[in-house]
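J.: build the 3D model from these lines:
(one chain, ligands or ions: 1)
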Amino acid sequence: MCGIVGYIGEREAQQVLLQGLKRLEYRGYDSAGVLVFDGTRFQRVRCEGKLGELEKRLQSHPVHGHVGIGHTRWATHGVPSERNAHPHLVAGVSIVHNGIIENSYELKEELIREGAIFESETDSEVVAHLISKELKTEHDLETAVLKVIPRLEGAYAILVAWEKEPETLVAFKHGPPLVLGVGKQEMFVASDIQALLP
Ligand code: GLU
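T.: All right, here's what the predicted structure looks like:
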């Protein structure tokens, strides 16, 4: 059980994500990370350990942009490390995941047979690979996600961003909660209402 937050709007995403993650930190201390679209490309910053480590790194190397996703991890598959920290990023597709993909081993074997190279030991990374594979033939993120959902077994709340469609975040869930905050010219999404209260 971890914490996930997403933001799209006019504010600096880094601030909103950090503020939300601080309120979710009780859900995972193994690593933390954010990914922000800077107007040209995704900027990703991840750290092993508590959120304070990520905050320090972002103070010295801030990421600027108005769309982003963030995560605090409670490891279930793969050791606590920067490599296993979310957001995962595969060919411009980035995801944060709360939960467990029960059939991740089968999916991973299939993807490796097809030539996929995995960077982490997590169950979550398979989701980024599957979506990225669909995006070779599909042209929008939502359609690609809808094709992947029937393949996933387990409990999950997931946020997805795609560098080629940077004004969109797709959120989907099966089991764990996801809360959507609708503002004026901005949207928030998180695994717990605590993250949105400010
Ligand atoms: N199963 C994923 C992992 O181990 C997500 C864990 C979580 O919900 O924090 O990275």
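J.: okay, Y29: pLDDT?
T.: Listed pLDDT for Y29 reads 86.
J.: what do you get for M1?
T.: With respect to pLDDT, M1 scores 64.
J.: what sits closest to the one residue in the chain that gets nearest to the ligand if chain neighbours are left out?
T.: Using C-beta to the nearest ligand atom, the single residue of the chain nearest to the ligand is C2, 2.6 Å away. Using the backbone N, CA and C atoms, a C-beta is placed for each residue, glycine as well. For C2, ignoring the flanking residues on the chain, the nearest one in space by C-beta to C-beta, 6 or more residues apart in numbering is G28 at 4.1 Å.
J.: can you tell me the SS state at G52?
T.: helix (DSSP: H, G, I helix; E, B strand; the rest coil).
J.: looking at it now. What's its pLDDT?
T.: 94.
J.: run a quick neighbour tally on it.
T.: Using other C-beta atoms under 10 Å, G52 has 12 other residues around it.
J.: what do you get for M187?
T.: Neighbour count of M187, defined by other C-beta under 10 Å: 15.
J.: in this protein, which helix has the most residues?
T.: Across the chain, the helix with the greatest residue count (assigned by DSSP state H) is helix 13-24.
J.: other residues contacting that helix?
T.: 2-7, 9, 32, 34, 36-37, 51, 54-55, 58, 62-72, 188, 190-192, 194-198 (C-beta atoms under 8 Å, 6 or more residues apart in numbering).
J.: where does the chain come near the ligand, residue by residue?
T.: Selection of the chain residues close to the ligand by C-beta under 6 Å from any ligand atom yields 1-2, 28, 73-78, 97-100, 122-124.
J.: now which of those residues would you call buried?
T.: 1-2, 28, 73, 75-78, 97-100, 122-124 (16 or more other C-beta atoms under 10 Å).
J.: out of those residues, which are inside strands?
T.: Among those, DSSP state E puts R73, H97, N98, G99, I100 in strands.
J.: from these, pick the one nearest I158.
T.: H97 (5.0 Å; C-beta to C-beta).
J.: quick one: contacts for that closest one?
T.: Residues counted as contacts of H97 (C-beta under 8 Å, 6+ apart) are C2, I4, H71, H86, H88, T122, D123, S124, V127, Y156, A157, I158.
J.: nearest to K147, of the residues you listed?
T.: V127 (12.1 Å).
J.: the closest one should be in a strand, yeah?
T.: No - counting by three-state DSSP, V127 is located in no strand; its state is helix.
J.: run through the bridge partners of the residue nearest to it when sequence neighbours are not counted.
T.: Among residues not flanking V127 along the chain, I95 sits closest, at 5.4 Å (C-beta to C-beta, 6+ apart). As for beta bridges, I95 partners with H88, V160 under DSSP bridges.
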